[in-house]
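my questions are about this predicted structure, shown below with the sequence.
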Amino acid sequence: MAHLKREDWYDLTRTTNWTPKYVSEEELFPEEMSGGRGIPMEAWETYDEPYKVTYPEYVTTQREKDSGAYSVKAALERDAFVDRADPGWVSTMIAHYGAIALAEYLAVTAEGRMARFAKAPGNRNMAVFGMMDENRHCQLQLFFPHANTQRSRQWDWAHKAYHSNDWAAIAARSFFDDVTATRDAVAVSIMLTFAFETGFTNMQFLGLAADAAEAGDHTFASLISSIQTDESRHAQQGGPSLKILIENGKKEEAQALVDAAIWRAWKLFSVLSGPILDYYTPLEARKQSFKEFMLEWIVAQFERQLLDMGLDKPWYWDEFIRALDETHHGMHLGVWYWRPTVWWNPAAGVTPEEREWLEEKYPGWNDTWGQCWDVIVDNLLNGKPELTGPETLPLVCNMSQLPIVGTPGNGWNVKDYQYEYEGRLYHFGSEPDRWCFQQDPERYKKHMSLIDRFLAGEIQPADLAGALIYMGLEPGEIGDDAHNYEWLEAYKQKVDSAA
Amino acid sequence: MSEQQPEPLKPLKTWSHLAGNRRRPSEYEIVSTNLHYHTNNPDNPWELDPDIKMSKWYRKYRNESPLQYENWDKFRDPEQLIYRTYNILQDGQETYVNSLFDQFDKRGHDQMLDDNWISQLLRFYTPGRYLFHTLQLGSAYIAQMAPASTITNCATYQTADSLRWLTHTAYRTRELANAYPDAGFAEKEREIWENDPAWQGFRELMEKALVAWDWAEAFVAINLVAKPAIEEAVLVQFGNTARDNNDTLLGLLTQAQMRDAERHRRWSSVLVAMALENEGNKEVIQGWINKWVPLADAAIDAFCSELGEDPSTAKSATNDFHDSLRLS
């Protein structure tokens, strides 16, 4: 007899539910941690993970993957790509690591929630590999940037960002805390793995990997595409949970979890991936626009998965598709304008050639966003840089924790969506953000946004300098224009030739 | 704008939080330390309403544990295991175990076992996958509740190791079922786990340990009490019994699994030693050990006596481990 085939014995590894005797089932799987939603244990035992892997297969595959990623890093280290890379690309890496590394670590806790509390035995086993994967992703995305700490203090933020009160860190924590570590096992499987990982990590990891390869950053490209191979496996934990919820009459509840997670993920990615893909990445390295990536990965592929699963498109889908032309441009403008408040150097990305590209990808850009950048360019050319930077803080959304943005210029539509709850007035950047709050006000009602803290006197002195101290940003870390304003040359020449 | 700023911070050779140390950090320290940002603000661990259920859970069962230490992030895994090295280590171990499975299979090992031993395997070995699964659950709980990432990492790898033991058992169960289709393998394990007196002690111990929600009590109950008891009875003692019954394969397998168990005990011991630096923690840990040991001893008694073996060997090995923690 030869070695047994996996399918001959795999089911035994997940036939592990038993009837507890010395404690009750409710004690062993508390509702607040398990989220069984009244669906009987037998139904959860029908959970069938589409991607099956065993322990020996896992350690072999992962050893090989790591061997690949680490040897690319070692081989290319002397090449010192970072030192000759476009500063916009360096900003991409610094922003990415800060926003992602410790979020990956939080996902160990979320996977651990499923590994301990899922009533579905298959989910519990897959989540063990999920815990391991997220452990890997955090470690890789700390080890790689660590090699650059000697280059600039901003690289320290790969580790530091989530420990800080920087507004971008608050926004990232607000999203990841909400859909991962503070949810029950079933909600984690839906919000983190199905809604977020199936769609959005493809965006950040495959989209960025494509651009990285074009930009010549093969270390980063191989790193994040290796990570994505794990994501695409453990992201499949949510599908079987959804199936069980829908079969047991909980479609509405499942849909609400999916809708909230997708919207919240979208908002965070509009400030993270949007500026990176459409503004920071050097023009010649851009494979697709952010909107094109979103249309491919979220709208086309993910929408189909939703429908295949028996769910509906989120109720805000039209608004979401409309916002693909808008939100991230506003976020980018905001990040660049408030550049001292971030740990990376935002690239403006608005040279005449880049504006042509933007106009082609987003018709009407010059009439709207372009008008704002015209003013910035004029001020810089006229020696008034102080008019291109902040004196105070913007109004932020009580859900996304991000600035409330809309289309400026000829398409002006900026709006504060307000909601009063138990005597407190909340501000939201959109109708879906307000809807997320209304779904479960108890989750959010006493949270203080950065602006709430500012107004409550928690940030002293109550000015931009005080805010920077509060955010943990010191000179050497605070952001400035990635290209040191060299991109203005093209405009100077224009002015000169006109004169 | 930066020209207005005085004295920019200079780049460092490592993370700022490690920069104060005299020596260069190891790869382990670079990728493993201070990663739980949600311990920074104990009153409100998450960027949400401070009173959501999960905040209360973490405040009560992590932050307000009777076991207190000023800086849990000081903990270091004595073996400095990281993800990359874990897979190298365990891929090697799995290659060994799989080669055992294949070599013994080629020799017709299962066909040569005697009938009495076959019925013992059904009673005392293959139901163990449920027990190993409880260790998997308990380790995953410690991982998500531990107050330092360096502790979470050890518990994460321990979770995977527990799944490893379960996986070995599942594989062997199928082989035995193939060799003895009418013996009840791959069919009767749940019933035996739930009803056979040999398992009820461990079942009670683990069901109760799995609802010890305080993170440190869970660590004591599982890592210091239940795991050593399980390992000494179900791996060491049963492995010896297997060898006495010409089941060399099982003896070698449990020996291989003990390598994991020994590693778990090493990090657990270091964590206890660190906690003991704080006055008062000795009594807390000893109190929990006193609370859980009677259940563990009863479990060893039930398993070993049903097996027809003297339980004192396993009990004294467990005691030796407790003594090594220098609590008294």
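Cool, got the structure.

show me where pLDDT drops low in chain B?
Low-confidence segments of chain B, defined by pLDDT under 70, are located at B:1-6.

and if you look at chain A?
For chain A, applying pLDDT under 70 flags the ranges A:1-2.

longest helix in chain A, please.
Secondary structure of chain A read by DSSP state H shows that its longest helix is helix A:87-117.

can you give me the strands in chain A?
All strands of chain A, identified by DSSP state E, fall at A:417-421, A:424-428.

distance to chain B added to these, as a markdown table?
(Each C-beta comes from the backbone N, C-alpha and C, glycine too.) Output for the strands of chain A, formatted as a markdown table (distance: least, C-beta to the nearest C-beta, whole Å):
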| stretch | distance to chain B |
| --- | --- |
| strand A:417-421 | 12 |
| strand A:424-428 | 12 |
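
deepest of the ones you listed, which one?
Of all the strands of chain A, strand A:424-428 has the most neighbours on average by mean count of other C-beta atoms under 10 Å in any protein chain shown, namely a mean of 17.

which neighbouring elements make contact with that one?
Using 3 or more C-beta pairs under 8 Å, 6 or more residues apart in numbering or on different chains; DSSP states H and E as the contact test, the elements touching strand A:424-428 are strand A:417-421, helix A:431-439.

so which bits of the stretch 251-400 of chain A are right by chain B?
A:Arg339, A:Pro340, A:Pro385, A:Gly389 (C-beta under 8 Å from any C-beta of the partner chain).

pretty sure the first one contacts A:Ala482?
No. Under the criterion of C-beta atoms under 8 Å, A:Arg339 makes no contact with A:Ala482, lying 9.0 Å away.

quick check: neighbours shared by these two?
Both A:Arg339 and A:Ala482 are contacted by A:Asn345, A:Pro346, under the criterion C-beta atoms under 8 Å, 6 or more residues apart in numbering or on different chains.

of those two, who's got more company?
Between A:Arg339 and A:Ala482, counting by other C-beta atoms under 10 Å in any protein chain shown, A:Ala482 is the more crowded of the two (26 against 22).

rebuild the helices and strands packed on strand A:424-428 as a markdown table, extending it with distance to B:Trp292.
Formatted as a markdown table, the helices and strands packed on strand A:424-428 follow (distance: least, C-beta to C-beta, whole Å):
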| stretch | distance to B:Trp292 |
| --- | --- |
| strand A:417-421 | 46 |
| helix A:431-439 | 42 |
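
nearest to B:Phe185 among those would be which one?
With C-beta to C-beta as the measure, helix A:431-439 is the member of the helices and strands packed on strand A:424-428 nearest B:Phe185 (48.9 Å).

any residue of the closest one touching chain B?
No. Helix A:431-439 stays clear of chain B (C-beta under 8 Å from any C-beta), getting no nearer than 10.7 Å.

from the rest of the structure, what touches that helix?
Applying C-beta under 8 Å, 6+ apart, the external contacts of helix A:431-439 come out as A:256, A:259-260, A:263-264, A:267, A:314, A:316, A:319-320, A:397-400, A:417, A:419, A:421, A:426, A:428, A:444.

how far off centre is that helix?
Centroid separation for helix A:431-439 versus its chain: 19 Å, with C-alpha atoms, centre = their mean, to the nearest Å.

repeat for stretch A:461-473
Averaging C-alpha positions (C-alpha atoms, centre = their mean) puts stretch A:461-473 25 Å from its chain's average.

next, the buried residues of that stretch.
A:Leu464, A:Ala467, A:Leu468, A:Tyr470, A:Met471, A:Gly472, A:Leu473 (16 or more other C-beta atoms under 10 Å in any protein chain shown).

between those residues, which is nearest B:Ser162?
Proximity of the buried residues of stretch A:461-473 to B:Ser162 (C-beta to C-beta) peaks at A:Gly472, which lies at 38.8 Å.

the longest helix along chain B relative to helix A:87-117, how many degrees between them?
Identified as the longest helix of chain B according to DSSP H is helix B:149-179. Put simply, helix B:149-179 runs at 60 degrees to helix A:87-117, going by axes from the mean of the first three to the mean of the last three C-alpha atoms, to 10 degrees.

helices or strands up against the helix or strand just after helix B:149-179?
For helix B:149-179, the succeeding helix or strand toward the C-terminus, using DSSP states H and E, is helix B:189-195. Contacts defined by 3+ C-beta pairs under 8 Å, 6+ apart place helix B:189-195 against helix B:128-145, helix B:197-209.

residues in contact with helix B:189-195?
Helix B:189-195 is contacted from outside by A:15, A:18-19, A:21, B:122-123, B:126-127, B:129-131, B:173, B:198-199, B:203, using C-beta under 8 Å, 6+ apart.

contacts only, for residue 209.
You didn't pick a chain, so chain A it is. Counting by C-beta under 8 Å, 6+ apart, A:Ala209 makes contact with A:Phe220, A:Ala221, A:Ile224, A:Ser225, A:Gln228.

my bad, chain B
B:Thr134, B:Gly138, B:Ala218, B:Ala221, B:Ile222, B:Val225, B:Ala226, B:Trp292.

from those residues, which are also near chain A?
When contact is defined as C-beta under 8 Å from any C-beta, those meet chain A at B:Gly138.

wait, A:Ser164 touches A:Met471, no?
Yes. Under the criterion of C-beta under 8 Å, A:Ser164 makes contact with A:Met471 at 6.1 Å.

please compute how far stretch A:118-126 lies from its chain's middle.
Chain-centre distance of stretch A:118-126: 26 Å, with C-alpha atoms, centre = their mean.

list the contacts of that stretch.
Stretch A:118-126 is contacted by residues A:13-17, A:29, A:34, A:36, A:39, A:41, A:44-45, A:47-49, A:51, A:53, A:114-116, A:127, A:185-186, A:189, A:234, A:236-237, A:240-241, A:244, B:133, B:136-137, B:140, B:163 when judged by C-beta under 8 Å, 6+ apart.

filter those residues to the buried ones?
Using 16+ other C-beta under 10 Å as the burial test, the contacts of stretch A:118-126 include A:13-17, A:29, A:34, A:36, A:39, A:44-45, A:47, A:49, A:53, A:114-116, A:127, A:185-186, A:189, A:234, A:236-237, A:240-241, A:244, B:133, B:136-137, B:140, B:163 as buried.

now, which of those lie within helices?
Judged by DSSP H, helices contain the following of the buried ones among the contacts of stretch A:118-126: A:13, A:34, A:44, A:114-116, A:127, A:185-186, A:234, A:240-241, A:244, B:133, B:136-137, B:140, B:163.

if we only consider the contacts of A:Ala209, which is nearest to B:Phe101?
Checking the contacts of A:Ala209 against B:Phe101 with C-beta to C-beta, the nearest one is A:Gln228 at 32.9 Å.

residues contacting that closest one?
Going by C-beta under 8 Å, 6+ apart, A:Gln228 touches A:Thr201, A:Asn202, A:Phe205, A:Leu206, A:Ala209.

who wins on neighbours among these?
A:Phe205 (26 neighbours).

surely it is in contact with A:Ser232?
No. A:Phe205 is beyond contact range of A:Ser232, at 9.4 Å (criterion: C-beta under 8 Å).

relative orientation of the longest helix of chain B and helix B:128-145 in degrees?
Here helix B:149-179 runs at an angle of 160 degrees relative to helix B:128-145 (the same axes, to 10 degrees).

helix B:149-179 and chain A in contact?
Yes. If you take C-beta under 8 Å from any C-beta as the test, helix B:149-179 does meet chain A, through B:149, B:152-153, B:156, B:159-160, B:163-164, B:166-167, B:170-171, B:173-175, B:178.

and that helix, which residues are buried?
Buried residues in helix B:149-179, defined by neighbour count with 16+ other C-beta under 10 Å: B:149-179.

packing partners of that helix?
Against helix B:149-179 (3+ C-beta pairs under 8 Å, 6+ apart) you get helix A:6-13, helix A:55-77, helix A:87-117, helix A:121-146, helix B:27-32, helix B:83-106, helix B:128-145, helix B:248-275.
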